[in-house]
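>>> Generate coordinates for the sequence data below:
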Amino acid sequence: MELFYKKLGQGPPMIIIHGLYGSSDNWLSIGKALSDNFTVYLVDQRNHGESPHNELHDYPSMRDDMIEFMDKHELSKATIIGHSMGGKTAVFLSESHPERIEVLVVIDIAPTKYEAETSGNQAETHKRIMDAMLEVDFSKAGSRDDVDEQLAKNIDSSRIRSFLLKNVVRNQDKSFQWKLNVPVLRQNLVEILAGLDAKKYRGGEEIAGFPVLFIRGQKSDYISDDDILVIQQIYPMARITTLPDAGHWLHVEQPALLIKTIRYFL
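Numbering: from 1, shown residues only. Have a look, this model is predicted:
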């Protein structure tokens with residue numbers, strides 16, 4: 001799949017991969033900050049932003065999208081930075097094509113599966129968010145404030161709603177719709193929660209050959225202490241750092257500290 005992208009700066013290649021509900025636009029300020037020393041490619045993953053929609057939405061497909069992107073732009077290797085779902089895409093890329101990774105930075109996501117059956121966790125949160133998005137009646141929305149009012153019935157957090165509203169676009173007839181392919185994302189939620197098979201790495205197998213950094217938010221529950229043990233099992237040389245006063249959207253809550261952390265590691 002040919003992905004939409006923005007290109008900034010010059011130097012060694014860096015690809016930044018956004019997370020679920022995100023797009024390249026969300027990472028523009030981070031990309032600009034890092035473009036002093038890198039050619040930064042900000043990509044839209046399938047079913048997000050300006051990239052094509054497709055019924056298939058799983059990590060092997062998104063990984064293959066990245067390989068196709070790198071091949072098209074003649075990038076034999078690149079520094080890969082991925083947040084949330086984008087971090088999982090990067091993880092799958094590192095497992096199957098480690099030779100394409102210069103440096104791997106994974107932001108606030110564990111490399112393994114999140115159990116969809118467990119209540120009160122990420123799975124339930126995303127079910128609630130996606131169901132709320134699907135319930136929006138755009139025929140009754142004359143403005144983004146109207147969409148926000150409908151979302152507020154099921155999503156208390158104004159920050160989450162504000163983030164989701166970035167995906168509302170106006171049609172030529174002045175009506176609104178989601179830019180995201182919400183139905184397909186909802187149908188593939190189990191795939192989005194998938195991850196590497198941790199059992200595979202209990203017998204001494206590992207992913208190595210390049211520097212690895214995992215960054216988690218202090219207020220986020222996406223990387224638990226147990227997940228850190230698994231990360232160290234899969235990536236024995238990985239460094240793991242925690243950003244204070246940040247939840248899952250570190251690039252919004254602590255952008256300056258995130259940039260500083262990535263720069264220092266690189």
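
>>> Below-threshold pLDDT in this structure: ranges please.
Within the chain, the set of residues satisfying pLDDT under 70 comprises 116-120.

>>> Try it again at 90.
114-125, 157, 159, 172-174, 198, 202-204, 252 (pLDDT under 90).

>>> which stretches of it form strands?
Assigned by DSSP state E, the strands in the chain fall at 5-8, 13-17, 39-43, 78-83, 101-107, 168-170, 176-178, 212-217, 239-243.

>>> Go through the ones you listed and name the closest to residue 72.
strand 5-8 (9.9 Å; Cβ to Cβ). Every C-beta, even on glycine, is put in place using the N, C-alpha and C of the backbone.

>>> Quickly run through the sheet partners of that closest one, with directions.
Counting by DSSP bridges, the strands paired with strand 5-8 are strand 39-43 (antiparallel).

>>> so how far is the strand it pairs with from its chain's centroid?
Centre-to-centre, strand 39-43 and its host chain are 14 Å apart (Cα atoms, centre = their mean, to the nearest Å).

>>> cool, stretch 200-211 as well?
With Cα atoms, centre = their mean, you get 23 Å for stretch 200-211.

>>> thinking again about what came up before, format the strands of the chain as TSV; extra columns: mean neighbour count.
Converted to TSV, these look like this (neighbours: other Cβ atoms under 10 Å):
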stretch	mean neighbour count
strand 5-8	18
strand 13-17	26
strand 39-43	24
strand 78-83	26
strand 101-107	23
strand 168-170	14
strand 176-178	17
strand 212-217	24
strand 239-243	15
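
>>> Same list (the ones you listed) but as a markdown table, adding distance to residue 251.
Listed next are the strands of the chain as a markdown table, based on distance: least, Cβ to Cβ, whole Å:
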| stretch | distance to residue 251 |
| --- | --- |
| strand 5-8 | 15 |
| strand 13-17 | 9 |
| strand 39-43 | 12 |
| strand 78-83 | 7 |
| strand 101-107 | 8 |
| strand 168-170 | 20 |
| strand 176-178 | 22 |
| strand 212-217 | 10 |
| strand 239-243 | 10 |
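
>>> Residue 30 is nearest to which of those strands?
strand 13-17 (6.8 Å).

>>> mind listing what residue 165 touches?
144, 147-148, 151 (Cβ atoms under 8 Å, 6 or more residues apart in numbering).

>>> Narrow these to those that are buried.
147-148, 151 (16 or more other Cβ atoms under 10 Å).

>>> Among those, which ones are in helices?
147-148, 151 (DSSP state H).

>>> Between those, which sits nearest residue 85?
Taking these together and measuring to residue 85 by Cβ to Cβ, the closest member is residue 151, at 20.2 Å.

>>> Just give the nearest non-adjacent residue to the closest one, would you?
residue 161 (4.9 Å; Cβ to Cβ, 6 or more residues apart in numbering).

>>> Check the burial of residue 91 by counting its neighbours.
27 (other Cβ atoms under 10 Å).

>>> need the contact list for it.
So residue 91 contacts 59, 82, 104, 106, 109, 111, 195-196 (Cβ under 8 Å, 6+ apart).
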